[in-house]
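# Sequence and predicted model, in that order:
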Amino acid sequence: MTAMSFVYLAAILFAIGAAAVLLRRNAIVAFMGVELMLNAANLALVAFAHMYAELDGQIMAFFVLVVAAAEVVVGLAIIIALFRARQTISLDEPAELKG
Amino acid sequence: MQSLIWLAIAIPLASAAFLLLAGKRADAWGHWVGVVASSAAFLVGAGALLEMLGQDAANRATTVTLWEFIPGSDLSVSAGLLLDPLSITFVMLITFVGTLIHLYSVAYMEHDVARRRFFAYLNLFIAAMLLLVLADSYLLLFFGWEGVGLASYLLIGFWNFKDEYATAANKAFVVNRIGDIGLIIAMGMIFAAFGSLDFATVFAQAPEASTATLTGIGLALLLAACGKSAQFPLQSWLGDAMAGPTPVSALIHAATMVTAGVYLIVRSAPIYNGAPDAQLVVAVVGAITLLLGAFIGMAKDDIKKALAASTMSQIGYMMLAAGLGPIGYAFAIFHLVTHGFFKAGMFLGAGSVMHAMNDTVNMRRFGALRGVMVITWVTFGLGWLAILGVPPFSGYWSKDKIIEAAFVGEGWQPWVLGGAALVGAGMTAFYMSRLFFMTFHGKARWEDDMHPHESSALMTVPMMILAVGSAFLGLFLATGDKFTHFLEPVTGHAEHHDPVISIPVIIGLTLALVAVGTVLAWMRYGRADVPVEAPAGSLGTITARNDFFQDSVNRAVFQRPGQHLTRTLVYADATIVDGAVNKQARGWARLGEASRKLQTGQARSYAATMLVGVIVIALIIVVGGL
């Protein structure tokens, strides 16, 4: 089991997350897809850190964790606000920015 | 006293500012402040003159540097005053005649509510005019030049509650602006050619400059002179300028300001001496104007407008003399001085007549005033004899010299210029005699409620002093060529040249023409009855009454095409310049409209776009091997 396997795993997880964001209408699920993508990136960073025997990747992973925590707070708040305003959490419903 | 000459400018200027700011509380005595300021300027000038007379003729030019005006490496201009025989002559004329007219105005403007403001403007004029003649550089001269233009505008429009008077003021201002552009162009050319605007520097280098440069500068200066001195083709404003109160007409539009053009040309003598073509144009302009003015003067029934036409014509004589070069400069200034006296005197006389006749100006309603206004009649009569050029009165000594000088030269010039001056003398005799006889002689043609009376002493005393000047100043200054020798350091020495016809013949011809003109005028306007209503008149009369249709010509040749030009330019600006900018802006707006369509508002499609973008960038990095 080489470090490269973890990179492949990270790529698969990232693809699953991206598919969830693109294909699902439910905001919660799409949000979970975003989280999956973030963690896939974390996994890749840690794997690269191991591969090159440097700590930079791990440090970066910690940064991503902190930013992700903040992002969750904001993201969930937006979803709740959306639900309050429209009684739905479908991502296709709000289209005010249509040109 | 010479180093204090700046006081002559500063005192009237301060007085003008004081009178304008003092408000109503100075209404009762403000005019005396104006009179005192003008007299003080005269005393300063007289002191400087006495000091100058005590110096050698060669060392009479003094420059008084006041302050560094525009400090700089390439363009460095200092504000300085130049006192020399030419400028002191003007200082004396301006302050002496000016003070008399101030005194006269105290009585003339007695019933005007804005008398204090009137005196403020008069003081402003004195200060600006003194700055004009005392400046030692073209730039400082230009300040005075604009200053007198402003004062003239304010005083022509002094009674601006009448629309036509306000229009007359605007007209004077606008026409003067054309001349001012000439002065600005001249200054630019002078600076380009000599790198300085100081008279001393410029005139020292002038003999080395090319004839073409000097001709260009000379013609631009002539344009300036034409505007200020109401010479052809910019003469149209002077007649309308008579809208101002009569003392203004006497001081500004007869004795001093309108002669500033002659001053400019005589002052710029070193430039004109190197440009014979420009000199010839000056002389021709003078000759045209002297005939034109005289012709207009023969038909005007308005006493002030007839005098204005006469002023135009007499300044034409001065211009003609100034265009003759060194043989004429001194006589131009000599005639300017005598004219300043007799014309100012006659204008004050006209003001006195108007005062007595409830401001009537129509000479057909005058007549037989000599009985009731003896002092006005006598003083006006002396001015009349002077302008006619009857020996030994002032005008004879100055005008006759100009006619003689005009006959000097070769080829066609002496015959044309001299002929014009000679014929002009006869015409002058006719129109001035017509004016004199229509006003003071013949039968009374007064309107019913007229009770003419002699004016008060405050008005008659200045008239008497000016009349004495009209009578004897010419004789005094001409004896032993005193005045020409006095001016020689500035105007240069002129060798004596013989005219193409001998001098006694010229004098004889002139006097004969003057006699003919006077007798004709006596037969038509003195002995015969003058109709109260102006007869229809011949084509010539109608032309002259309408100032040679100058206004119509200006309108047709300049105003209308100018309006069309500006309208075309406005249209071109709107369609081409603004059009290009607007079209371009509309294109950008359309592009923005089109790019709006890209925004779907679908969060997931944005996410997909981002993902595609990331993949593309990743591919570029990986495949491109960056």
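Everything's here; your move. Quantities reported herein were computed from a predicted structural model and do not represent experimental measurements.

# and residue B:197, how many neighbours does it have?
The number of residues packed near residue B:197 is 24, by other CB atoms under 10 Å in any protein chain shown. All C-beta spots, glycine's among them, are computed from the backbone N, C-alpha and C.

# who touches it in this structure?
Residue B:197 is in contact with B:77, B:137, B:138, B:139, B:187, B:190, B:191, counting by CB atoms under 8 Å, 6 or more residues apart in numbering or on different chains.

# For stretch A:6-13, what does the pLDDT average out to?
Taken as a whole, stretch A:6-13 carries a mean pLDDT of 94.

# got the contact list for it?
Residues from elsewhere that reach stretch A:6-13 (CB under 8 Å, 6+ apart): A:36, A:37, A:39, A:40, A:41, A:43, A:44, A:46, A:47, A:48, A:50.

# Counting neighbours, which bits of that stretch end up buried?
Neighbour-count burial for stretch A:6-13, with 16 or more other CB atoms under 10 Å in any protein chain shown as criterion, is recorded at A:6, A:7, A:10, A:13.

# Stretch B:150-167 too?
B:151, B:152, B:153, B:154, B:155, B:156, B:157, B:158, B:159, B:160, B:165.

# again, but for stretch B:379-398
Those would be B:379-390, B:393-398, for stretch B:379-398 by 16+ other CB under 10 Å.

# what about that stretch, how long is it end to end?
End-to-end distance of stretch B:379-398: 20 Å, with CA to CA, to the nearest Å as the criterion.

# before we move on, what SS does residue B:515 have?
Residue B:515 carries the three-state label helix when classified by DSSP: H, G, I helix; E, B strand; the rest coil.

# Quick one: residues contacting residue 34.
Since you didn't name a chain, this refers to chain A. Contact partners of residue A:34, counting by CB under 8 Å, 6+ apart, are A:17, A:21, A:71, A:75.

# not what I meant, chain B
Counting by CB under 8 Å, 6+ apart, residue B:34 touches B:15, B:19, B:102, B:119, B:120, B:122, B:123.

# By neighbour count, which of these wins?
Result: residue B:122 is most packed of the contacts of residue B:34 (other CB under 10 Å), 32 neighbours.

# Give me the distance between the lowest-mean-pLDDT helix or strand in chain B and the centre of its chain.
Least confident helix or strand, chain B: strand B:62-70 with a mean of 75, by mean pLDDT, DSSP states H and E. Centroid displacement of strand B:62-70 relative to its chain, using CA atoms, centre = their mean, to the nearest Å, is 26 Å.

# Kindly report the same for stretch B:40-56.
The answer for stretch B:40-56 is 26 Å, by CA atoms, centre = their mean.

# Contacts for that stretch next, please.
Contacts for stretch B:40-56 (CB under 8 Å, 6+ apart): B:1-2, B:4-5, B:7-9, B:11-12, B:60, B:62, B:83, B:85, B:88, B:91-92, B:95-96, B:98-99, B:126-127, B:130.

# Narrow these to those in strands?
Of the contacts of stretch B:40-56, the ones assigned to strands by DSSP state E are B:62, B:83.

# of the contacts of stretch A:6-13, closest to chain B?
residue A:37 (9.6 Å; CB to the nearest CB).

# show me what contacts the closest residue to that closest one other than its chain neighbours?
Leaving out its chain neighbours, the residue that sits closest to residue A:37 by CB to CB, 6 or more residues apart in numbering or on different chains is residue A:17, at 3.6 Å. Applying CB under 8 Å, 6+ apart to residue A:17 gives the contacts A:33, A:34, A:35, A:36, A:37, A:38, A:40.

# Also residue B:320?
Here residue B:320 is in contact with B:282, B:283, B:286, B:287, B:290, B:328, B:402, B:406, B:417, B:420, B:421 (CB under 8 Å, 6+ apart).

# Only the buried residues of the helix ranked longest in chain A, if you could.
As assigned by DSSP state H, the longest helix anywhere in chain A is helix A:56-86. Of all the residues in helix A:56-86, those buried under the rule 16+ other CB under 10 Å are A:57, A:60, A:61, A:64, A:68, A:75, A:79, A:82.

# Give me the mean pLDDT for that helix.
In this model, helix A:56-86 has a mean pLDDT of 92.

# Residue 36: neighbouring residues, count only.
As the question left the chain open, I've gone with chain A. Residue A:36 has 19 nearby residues by other CB under 10 Å.

# wrong one, chain B
That count, for residue B:36 with other CB under 10 Å as the rule, works out to 15.

# what helix or strand does it sit in?
With secondary structure defined by DSSP states H and E, residue B:36 is part of helix B:30-53.

# Kindly report the residues of chain A close to chain B.
A:18, A:21-22, A:25, A:30, A:91-92, A:94-99 (CB under 8 Å from any CB of the partner chain).

# Which among those residues count as buried?
The neighbour count (16+ other CB under 10 Å) marks A:18, A:21, A:30, A:91, A:94 as buried among the residues of chain A next to chain B.

# And the residues you listed, which is the shakiest by pLDDT?
Least confident of these in the model: residue A:94, at 78.

# From what I see, that residue and residue A:88 are in contact.
No. Look at residue A:94 against residue A:88 with CB atoms under 8 Å: they stay out of range, at 9.0 Å.

# In contact with the residue nearest the centre of chain B, which residues?
Geometric centre of chain B, nearest residue: residue B:258, 2.6 Å, by CA atoms, centre = their mean. The contact partners of residue B:258, by CB under 8 Å, 6+ apart, come to B:228, B:229, B:230, B:238, B:252, B:311, B:315.

# residues in the stretch 51-200 of chain B within reach of chain A, list them.
Of all the residues in the stretch 51-200 of chain B, none lies near chain A, going by CB under 8 Å from any CB.

# which stretches of the stretch 51-200 of chain B form strands?
Applying DSSP state E, counting those that start in this stretch to the stretch 51-200 of chain B gives strands spanning B:62-70, B:77-83.

# circling back to that earlier point, can you tell me which of the residues of chain A next to chain B are in helices?
If you go by DSSP H, those have A:18, A:21, A:22, A:30 in helices.

# do you know how far the residue nearest to residue B:544 when sequence neighbours are not counted is from residue B:554?
Here the nearest residue to residue B:544 in space, its sequence neighbours aside, is residue B:299; by CB to CB, 6+ apart that works out to 3.6 Å. Counting by CB to CB, to the nearest Å, the separation of residue B:299 from residue B:554 is 20 Å.

# Which of these two has more residues huddled nearby?
Between residue B:299 and residue B:554, counting by other CB under 10 Å, residue B:299 is the more crowded of the two (22 against 17).

# And that one, how close does it get to residue B:539?
Applying CB to CB, the value for residue B:299 to residue B:539 is 11 Å.

# With residue B:446 instead?
Counting by CB to CB, the gap from residue B:446 to residue B:539 is 31 Å.

# Got phi/psi on the nearest residue to residue B:524 once chain neighbours are set aside?
Using CB to CB, 6+ apart and skipping residues adjacent in sequence, the residue nearest residue B:524 is residue B:434, 7.3 Å away. Here is the backbone geometry of residue B:434 (degrees, to the nearest 10): phi -60, psi -50.

# I appreciate the help and will end here.
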